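Colleague: Got a sequence here, can you build the structure:
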Amino acid sequence: MTDTDAIRKPEQTPRSEQVTLKTWIGLMGAMLGAFMAVLDIQITNSSLQEIQAALGASLEEGSWISTAYLVAEVVVIPLTGWLSQVFSVRRYLFFNTTLFIFFSICCAWSVNLPMMIGFRALQGFTGGVLIPMALTIVLTSLPPAKQPVGMALFAITATFAPSIGPTLGGWLTDNLGWQYNFYLNVIPGIMMLSAIAYAIPAKPMQLNLLKGGDWWGIISMAIGLGCLEVVLEEGNRKDWFASQEISQLAIVSVVFLSLFLWIELTRRRPFINLRLLLRRNFGIGSISALSLGLGLFGSIYILPLYLSRIQGYTAMQIGEVIMWSGLPQLFLIPFVPKLMQRFDARFLAAIGFSLFAVSCFMNSHMTHETGIEQLRWSQLVRAAGQPLMIVPLTSITTGGIEPAQAGSASGLFNMLRNLGGSIGIAILSTLLTRREQFHSNRIGEGVSVFDPETQQRIEQLTQAFITGV
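Modeller: Predicted structure coming up:
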């Protein structure tokens, strides 16, 4: 069977299409975990100033509150498939969910910056497990005919969670305090633990896999990806390669990622199967996932920044704007599996990416007067496009993947999507800094200290400061 047949004709597979209620409960529990983990990437951004003030941190120091989570998350995602085989899916999910709840509470109780950064890293390391495991459970517990429904549920975690994060974080911070951004994980976490314990079947551990583990591959991947993520997150703030620290981290990243690729492609039993990228559908789909992350997380980064700095919106007002791209997705996503039964998944994905591009183009003509009334329409177009991107794209990418390779496929797909998000934010933040410097220089060229009007204005400001008016 070709990859295309696996996408377009799932009903021809001999596997049973009957899915029990217990299986759906386990799947929903896994999706709840992925939703929490993705939500925690964005939810603290709207309250970062309050957290910095409470911990006595500067702007640059406070940036590590988000960076620590992202670095730990992107490192653990590729490891998840192998570790879930070692400890079993049920035990691995239950253990990491418990720790995720615990470290979330520890973040809320942090009294200084080192504590917060440490617990955020541990929260990201345990939360990063929950994202690929949700997709792995879709691929291993659902028959192909039912997998589009599972992909639709996964799309809620991938697109709706980032969209609603700033809104929810802003409301919690304004009304209850920034600590509740972390307390929010407790109740859903307990619900997830209950679903895992009840619905996901117990399987024996395979601790013998640790003895022959691909440890050199794991170590090189962890160092290379960790350094790369720090370079992407902190590069613009430190002026990229003008900083010795960023230059050294970039060199370390290139060396260890090259070593990682060599080890994984030559080892008989790698911890993650990179050869999946040579499959046409999976390779093209993974590249598209990287592009999806670049555009999705980049747009979520740039719009709140504009609204806060130019329009002076509060966290809640920013949330009202972002909400128009978030809430409609809840009503649109359930219809996508039905559309996939009638139309080619590639056609739907093309429409989704086109709608997303149109929404970005609609925002390209923004001025300092653009507000919620003008942005609402572009957000609605984006809301229509995002479900059509992620659901068919995930189905195309994972079509024909054997259950034994589900862990590697899920890890690679989610890792590339998150890396794409980091790359998109790094590009946009650098572009903003460069354009700010350019326009500042242009303004400086037009203002001369020898100009009588300039001298008069300086004198007026000086007198105002002296008299305190």
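
Colleague: Please list all residues in contact with Leu207.
Modeller: Val86 (Cβ atoms under 8 Å, 6 or more residues apart in numbering). The C-beta positions use only the backbone N, C-alpha and C, and glycine is treated the same way.

Colleague: Pull up the gap between it and Gly56, please.
Modeller: Here the criterion is Cβ to Cβ, to the nearest Å. By it, Leu207 lies 44 Å from Gly56.

Colleague: for Tyr313, same thing?
Modeller: 26 Å.

Colleague: Gln463 too?
Modeller: For Gln463 relative to Gly56 (Cβ to Cβ), the value is 37 Å.

Colleague: Between Tyr313 and Gly56, tell me which one has more neighbours.
Modeller: Tyr313 (19 against 11; other Cβ atoms under 10 Å).

Colleague: right, and the more buried one touches Tyr306 too?
Modeller: No - assessed by Cβ atoms under 8 Å, Tyr313 is found out of contact with Tyr306, at 9.1 Å.

Colleague: So Thr370: helix, strand or coil?
Modeller: At Thr370 the chain is in coil, as set by DSSP: H, G, I helix; E, B strand; the rest coil.

Colleague: residue contacts, it?
Modeller: Applying Cβ under 8 Å, 6+ apart, we find Thr370 in contact with Gln311.

Colleague: Could I get the pLDDT score of it?
Modeller: Note for Thr370: predicted pLDDT of 77.

Colleague: ok, now Leu209?
Modeller: Per-residue confidence (pLDDT) for Leu209: 77.

Colleague: Please apply the same query to the one 3 residues further on.
Modeller: Residue-level confidence at Gly212 comes out at 74, pLDDT.

Colleague: Does it touch Arg269 like I think?
Modeller: Yes - checked against Cβ under 8 Å, the pair Gly212 and Arg269 is within contact range at 6.8 Å.

Colleague: per-domain residue ranges of this protein.
Modeller: Annotated domains of the chain cover 18-213+271-452, 214-270 [automatic domain parsing].

Colleague: Can you identify each of the strands in the stretch 101-250 of the chain by residue range?
Modeller: In order along the chain, the stretch 101-250 of the chain carries no strands (DSSP state E, counting those that start in this stretch).

Colleague: out of everything not next to it in sequence, what's closest to the residue nearest the centre of the chain?
Modeller: The C-alpha lying nearest the average C-alpha coordinate of the chain belongs to Asn418 (Cα atoms, centre = their mean; 4.9 Å). Of all residues not flanking Asn418 in the chain, Val74 sits nearest, at 5.3 Å (Cβ to Cβ, 6 or more residues apart in numbering).

Colleague: other SSEs contacting the helix or strand containing Phe465?
Modeller: Using DSSP states H and E, Phe465 falls within helix 452-467. Packing contacts for helix 452-467, counted by 3 or more Cβ pairs under 8 Å, 6 or more residues apart in numbering; DSSP states H and E, involve no helix or strand.

Colleague: Could you give the number of residues near Gly212?
Modeller: Neighbours of Gly212 (other Cβ under 10 Å): 9.

Colleague: What are the phi and psi values at it?
Modeller: Gly212 adopts backbone torsions of phi -100, psi 20, taken as degrees, to the nearest 10.

Colleague: And for Pro204?
Modeller: Here is the backbone geometry of Pro204 (degrees, to the nearest 10): phi -70, psi 150.

Colleague: With Phe343 instead?
Modeller: Backbone phi and psi, for Phe343 under degrees, to the nearest 10, turn out to be phi -130, psi 150.

Colleague: dump the residue contacts of Thr159.
Modeller: By Cβ under 8 Å, 6+ apart, Thr159 lies in contact with Leu296, Gln329, Gln386, Pro387, Met389, Ile390.

Colleague: which among these gets closest to Ile156?
Modeller: Gln329 (7.3 Å; Cβ to Cβ).

Colleague: buried set for the helix or strand hosting the closest one?
Modeller: Assigned by DSSP H and E, Gln329 belongs to helix 315-332. For helix 315-332, a neighbour-count test (16 or more other Cβ atoms under 10 Å) marks 315, 318-326, 328-329, 332 as buried.

Colleague: shouldn't Ala250 be in contact with Gly224?
Modeller: No - in this structure Ala250 lies outside contact range of Gly224 using Cβ under 8 Å: 10.8 Å.

Colleague: Could I get the contacting residues of Val186?
Modeller: Ile101, Ser104, Ile105.

Colleague: circling back to that earlier point, relative to Glu459, which of the domains of the chain is closest?
Modeller: That would be domain 18-213+271-452 among these, by Cβ to Cβ, at 10.4 Å.

Colleague: Return the distance of the closest one from the chain's centre.
Modeller: 3 Å (Cα atoms, centre = their mean, to the nearest Å).

Colleague: So that it lines up with my notes, have the first residue be 891 from now on.
Modeller: Sure, I'll start numbering at 891, so the last one becomes domain 908-1103+1161-1342.

Colleague: That one spans what distance, first to last residue?
Modeller: The first and last residues of domain 908-1103+1161-1342 sit 83 Å apart, counting by Cα to Cα, to the nearest Å.

Colleague: looking at this structure, which helix or strand does the model trust least?
Modeller: helix 893-898 (a mean of 46; mean pLDDT, DSSP states H and E).

Colleague: do you know how far Arg1347 is from Ala1354?
Modeller: 11 Å.

Colleague: One more: Ser1143?
Modeller: 51 Å.

Colleague: Comparing these two, which shows the higher neighbour count?
Modeller: A direct count of neighbours by other Cβ under 10 Å for Ser1143 and Ala1354 places Ser1143 higher, at 20 against 10.

Colleague: so which strand or helix has the more buried one?
Modeller: Per DSSP H and E: helix 1134-1156 holds Ser1143.

Colleague: Residues contacting that helix, please?
Modeller: Residues from elsewhere that reach helix 1134-1156 (Cβ under 8 Å, 6+ apart): 1104, 1106-1107, 1110-1111, 1113-1115, 1117-1118, 1120-1121, 1124-1125, 1128, 1130-1131, 1160-1165.

Colleague: Of all the residues in it, which ones are buried?
Modeller: Buried-residue list, helix 1134-1156, by 16+ other Cβ under 10 Å: Ile1136, Leu1139, Ala1140, Val1142, Ser1143, Phe1146, Leu1147, Leu1149, Phe1150, Ile1153, Glu1154.

Colleague: chain center to that helix: distance?
Modeller: 23 Å.

Colleague: Output that helix as CSV - backbone C-alpha positions only.
Modeller: As requested, the backbone C-alpha atoms of helix 1134-1156 are provided in CSV (Å, rounded to 0.1, in the frame of the first residue of the first chain):
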residue,chain,number,x,y,z
GLN,A,1134,30.5,35.5,22.4
GLU,A,1135,28.0,33.4,24.4
ILE,A,1136,25.6,33.0,21.4
SER,A,1137,28.5,32.3,19.0
GLN,A,1138,29.9,29.6,21.3
LEU,A,1139,26.4,28.0,21.8
ALA,A,1140,25.8,28.1,18.0
ILE,A,1141,29.1,26.2,17.4
VAL,A,1142,28.3,23.6,20.1
SER,A,1143,24.8,23.2,18.5
VAL,A,1144,26.2,22.6,15.0
VAL,A,1145,28.8,20.1,16.3
PHE,A,1146,26.5,18.0,18.5
LEU,A,1147,23.5,18.0,16.1
SER,A,1148,25.9,16.8,13.3
LEU,A,1149,27.1,14.1,15.6
PHE,A,1150,23.5,13.2,16.5
LEU,A,1151,22.6,12.8,12.8
TRP,A,1152,25.6,10.6,12.2
ILE,A,1153,24.9,8.4,15.2
GLU,A,1154,21.2,8.0,14.4
LEU,A,1155,21.7,7.2,10.7
THR,A,1156,24.5,4.6,11.3
